[in-house]
Structure formats: structure tokens, C-alpha cells
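Peer 1: Okay, sequence plus prediction incoming.
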Amino acid sequence: MGILGGEGFSLPVVSETEVVSVDIHFTESAKSALKESMNGDEDTHALVISAQSGGCSGFLYDMKIAQVENDDGFQKLDIGGITVLVHNKDSSLLSGINVDFKDTLMGGGFQITNPNADRACGCGQSFG
């Protein structure tokens, strides 16, 4: 049977995502660590925070420093003079998160607490 017979392939399911105004909170230690990570490139680079599919709870946090792009799909926040970008498709998942930075011998780094998550895994990297 071919396509008309109901076999062959299926189309991907596209779902609408709710776009909300993003509000993200950074602790003072997170702001300091971010400023140090930017290494003086605050004028040309931004921190991009996103939610990627995966992990044991459904989504993984992703943070990267990238060149600032003029893209209407992103919401732009100013956190202590540093630009933070969040894509509209991730806005409902990431609005309200708290970003902290811990410097410990047992594995420090940026840590995200998401009050909107229904579930999270033990490693703290995955949420749903």
C-alpha cells in the first residue's frame, strides 16, 4: 500500500506554545559568575537560556554564551548589564526560574530552580 492506503509515513504533530513574558531571577553569586564568564564581551554577547527536549524528566536546561542576534523570536532581559535571551517557545517553561551559582569542591556551577516544574530528576539538570 502507498501513502493513500494509510501506510508509509506520518506527519509530525505541531502544537502551539504559549508565549509569556519572561521573568528570571539571578542571585548575586550567579551575576558575578556570569560577568566573569563574559570576560568583557557584554556588549557583543549574551547568555542564551533554553529548554531542550531530553533528560529523564522531559526537558534539560541549556545555557550558553553567544553573539547577540537580532531575532524577534527571543525575549531580551538585562541582568546587571548583561543581556539574557530566552526564545519565545521556551518562555512558559523558563519564566520564574531562579539561577544561582555554587562554588564547591563536589561540583559547583550554575544551578537552576524552577518553581513551575511538575517533576525534576535527582541530578537537577532535568525537569518536566
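Peer 2: Okay, I see it.
Peer 1: ranges for the helices of this structure?
Peer 2: 28-38, 91-94 (DSSP state H).
Peer 1: Can you show me the CA trace of the last one as PDB?
Peer 2: If I follow you right, that is helix 91-94. The C-alpha trace of helix 91-94 is given here as PDB (Å, rounded to 0.1, in the frame of the first residue of the first chain):
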ATOM      1  CA  SER A  91       9.100  31.200  27.700                       C
ATOM      2  CA  SER A  92       6.400  29.300  29.500                       C
ATOM      3  CA  LEU A  93       8.900  26.700  30.700                       C
ATOM      4  CA  LEU A  94      11.500  29.100  31.900                       C
END
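Peer 1: quick one: it to chain centroid distance?
Peer 2: For helix 91-94, the separation from the chain centroid amounts to 8 Å (computed by CA atoms, centre = their mean, to the nearest Å).
Peer 1: Over to the longest one?
Peer 2: Between the mean C-alpha point of helix 28-38 and the mean C-alpha point of its chain there is a distance of 17 Å (CA atoms, centre = their mean).
Peer 1: Provide the contact partners of that helix at residue level.
Peer 2: 26, 42, 45, 47, 65, 79-82, 99-103, 110 (CB atoms under 8 Å, 6 or more residues apart in numbering). All C-beta atoms are positioned from the backbone trio N, CA, C, and that covers glycine.
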